[in-house]
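Undergrad: sequence first, then the predicted structure:
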Amino acid sequence: MKTHLLQQLYQQYQIADLKFGSIHDKLGDVYEDYCVSLLENKQLLAKLKNSNQPTDLDSNVFCKLLYVNRIIDFNSISSIQATTQVPHRSTGGLPKTDIIATINYVDRNKSILRISCKQTTVAKVALAEFDVDTICREMGINDPRLYQLLLKHQMDCSAKNFSANEKKELNTLMKPIARDFVRWVLTGSPKRNPSEVCYPTSLIKFELIPPKDRNNICVSDGDFDLIAFNTYTIENYIDSIMYNQNGTIKSAGFGTGLSWTYATGSKGIKMQFKG
């Protein structure tokens, strides 16, 4: 499923000519640029001012990006500017916001949207990768036992060498901070709605067709085509990570619902979290 705009962006970034190992970052660029182009599309805004009912993929993505940020009256909007140029966090780390959109209203007020843009071919997306010292510093963790257990998980690359008591202990120590921890993984801050633009308040996730053959030199026809997308507030996405459909807390990730793993090349050095 590709609109004319998406087809243009796939061609612009030469997706069909890329090797599998280098395609992920370029697809990230494609879908960030896609959202920026839609948000800045004056014709699309004018069309939806007459009817808030989306009629195709482009207008549906546009509407959902605004709806999830509680903007429902398109006639109140005079223009929208969007960019992928986002300042770094005060810690020096990369921002978790991918797109900043400025909504200019007819009454001369403004809204700033901070959007995280994800694209994936798998059920769980890689959300963050940090060493334990950085995790504890940014999360404000100063419990020496929690630090020790996190460090052991990092060094062992899993909980395979944990005793049953250590697993229980880590679960207990994570419980009071679990939601803030997931929020930090998603946004770079454990706080709800921090003011800086580098911390997103909403998220759009594009689901793509996985490649037929991961060993292919180049992408085959139909690989990485768009299947579906969803938008979330950050708090709603946290809920989707942490809770089962029946409302119970997931046991995975010591009560966070995240997958605790590592990325190739950083084994034993950093922890990676997926959700």
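TA: Yep, that arrived.

Undergrad: is it correct that N171 is in contact with A252?
TA: No - using Cβ atoms under 8 Å, N171 is not in contact with A252; the gap is 10.7 Å. Placement of C-beta: from N, CA and C, glycine included.

Undergrad: who touches L94 in this structure?
TA: The contact partners of L94, by Cβ atoms under 8 Å, 6 or more residues apart in numbering, come to H88.

Undergrad: got a pLDDT number for it?
TA: In this prediction, L94 carries a pLDDT score of 92.

Undergrad: now the one 3 residues further on
TA: For T97, the pLDDT comes out at 98.

Undergrad: which SSE is Y232 in?
TA: Y232 belongs to strand 226-233 when assigned by DSSP states H and E.

Undergrad: now the element after that strand, going C-ward?
TA: Later in the chain than strand 226-233, the nearest helix or strand by DSSP H and E is helix 234-242.

Undergrad: run the angle between that next one and strand 226-233 for me.
TA: Relative orientation of helix 234-242 versus strand 226-233 (axes from the mean of the first three to the mean of the last three Cα atoms, to 10 degrees): 120 degrees.

Undergrad: elements contacting helix 234-242?
TA: Applying 3 or more Cβ pairs under 8 Å, 6 or more residues apart in numbering; DSSP states H and E, we find helix 234-242 packed against helix 178-187, strand 202-208.

Undergrad: got JSON lines for the ones you listed, with distance to K124 and mean neighbour count too?
TA: Below are the helices and strands packed on helix 234-242 laid out as JSON lines (distance: least, Cβ to Cβ, whole Å; neighbours: other Cβ atoms under 10 Å):
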{"stretch": "helix 178-187", "distance to K124": "12", "mean neighbour count": "23"}
{"stretch": "strand 202-208", "distance to K124": "11", "mean neighbour count": "21"}
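
Undergrad: neighbouring strands of the longest strand anywhere in the chain in the sheet, and parallel or not?
TA: Ranked by residue count under DSSP state E, the longest strand found in the chain is strand 110-120. Sheet partners assigned to strand 110-120 using DSSP bridges are listed as strand 99-105 (antiparallel), strand 202-208 (parallel).

Undergrad: quick one: buried residues of the longest helix along the chain?
TA: For the chain, the helix with the greatest residue count under DSSP state H is helix 23-39. Neighbour counts over helix 23-39 (16 or more other Cβ atoms under 10 Å) mark 23, 26-39 as buried.

Undergrad: for G257, state which of those is nearest.
TA: G257 has its nearest neighbour among the buried residues of helix 23-39 in G28, at 23.4 Å by Cβ to Cβ.

Undergrad: which stretches of the chain form strands?
TA: 77-83, 99-105, 110-120, 126-130, 202-208, 226-233, 259-261, 271-274.

Undergrad: circling back: L18 is nearest to which of the strands paired with strand 110-120?
TA: strand 202-208 (13.8 Å).

Undergrad: what about the chain, any weak spots by pLDDT?
TA: 20-21, 212-222 (pLDDT under 70).

Undergrad: change it to 50
TA: 214, 217 (pLDDT under 50).

Undergrad: the closest residue to E129 other than its chain neighbours: neighbour count?
TA: The shortest distance from E129 to any non-neighbouring residue, by Cβ to Cβ, 6 or more residues apart in numbering, is to Q272 (4.4 Å). For Q272, the count of nearby residues is 20 (other Cβ atoms under 10 Å).

Undergrad: wait, Q272 touches G265, no?
TA: No - under the criterion of Cβ under 8 Å, Q272 makes no contact with G265, lying 10.7 Å away.

Undergrad: phi, psi of P54?
TA: Phi and psi for P54, reported as degrees, to the nearest 10, are phi -70, psi 140.

Undergrad: that one - nearest residue in space that isn't next to it in sequence?
TA: According to Cβ to Cβ, 6+ apart, the nearest residue to P54 is N60 (4.0 Å).
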